[in-house]
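1. Turn this into a model:
(chains A, B and C)
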Amino acid sequence: MAKWLAKSEPDECGIDDFAQSPDSVIPWDGVRNYQARNFLAQMAVDDEVFLYHSSCKHIGIAGIVKVVRDAYPDPAQFNANSPYHDPKSTPEKPRWQAVDFAFVKKLPRLIPLDELKSLPGLEQLPLVRKGNRLSVMPVSEEEWQTILQQV
DNA sequence: GCCAACGTTGGC
DNA sequence: GCCAACGTTGGC
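-> Model (predicted):
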């Protein structure tokens, strides 16, 4: 079972949106970066995902969600009214993928980015590397445990 | 709001 | 295939 990290803006979809409806399934769509998409496509049911809050007041890892549906074509890419519409994508040859997430838990405290940056063992995690913009990334078992121990 | 770093696009 | 221009991300 693999581990991942996904960025989100809490204004859009943060851990509280999951916590408010713990039994519901939230589609993770709108990923429009090839590298991130390739990671999305590798996700499988029961994989766990750190939910990271970006572009907000309290930046850092806020909680854990899990994959409840393997990757499928992101419907937003075909919707001309969606901001995620991609005119170059067709149902026959979809370009973008989505997965479904469900709530696991909110961490008892948010682990801030500057703390993650100073943690030994996370040097390889793209999140803490300068200028990195990858929004979906794999997390090794060691990295996962290192982060959990900070809770 | 600023701006550095990055990814993508498109002309050549 | 190169690379300048552009748009976006995301921390500060």
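
2. Show me the helices in chain A, by range?
-> Per DSSP state H, chain A carries helices over the ranges A:10-13, A:15-20, A:34-42, A:113-118, A:141-148.

3. Just the buried residues of the shortest one, please?
-> Of the residues in helix A:10-13, those buried under the neighbour-count criterion (16 or more other CB atoms under 10 Å) are A:10, A:13. For every residue, glycine as well, the C-beta is placed using N, CA and C.

4. same deal with stretch A:71-84?
-> Across stretch A:71-84, burial judged by 16+ other CB under 10 Å covers A:71, A:73, A:74, A:76, A:77, A:78, A:84.

5. Need the contact partners of the helix or strand bottoming out on mean pLDDT in chain A.
-> Sorting the helices and strands of chain A by mean pLDDT, DSSP states H and E puts helix A:10-13 at the bottom, at a mean of 92. Residues outside helix A:10-13 that contact it (CB atoms under 8 Å, 6 or more residues apart in numbering) are A:16, A:26, A:53, A:56, A:62.

6. Out of these, which is nearest to residue A:134?
-> residue A:53 (15.7 Å; CB to CB).

7. Test my guess that that closest one contacts residue A:59.
-> Yes. Counting by CB atoms under 8 Å, residue A:53 touches residue A:59, with 6.1 Å between them.

8. out of the two, which sits in the busier spot?
-> Counting neighbours by other CB atoms under 10 Å for residue A:53 and for residue A:59 shows that residue A:53 has the greater number, 24 against 17.

9. per-residue pLDDT, the more buried one?
-> Note on residue A:53: pLDDT of 97.

10. just residue A:91 next, same as before
-> In this model, residue A:91 carries a pLDDT of 87.

11. and it, how far is that from DNA strand C?
-> According to CB to the nearest atom of the strand, to the nearest Å, residue A:91 stands 24 Å off from DNA strand C.

12. Contact partners for that residue?
-> A:73, A:78.

13. And residue A:104, by the same measure?
-> A:48, A:63, A:64, A:65, A:66.

14. Buried among those? Make that a ChimeraX selection.
-> Filtering these down to the buried ones (16+ other CB under 10 Å) takes a single ChimeraX command:
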select /A:63,64,65,66
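
15. Now flag whichever of the contacts of residue A:104 is closest to DNA strand C.
-> Ranked by distance to DNA strand C (CB to the nearest atom of the strand), those are led by residue A:63 at 15.8 Å.
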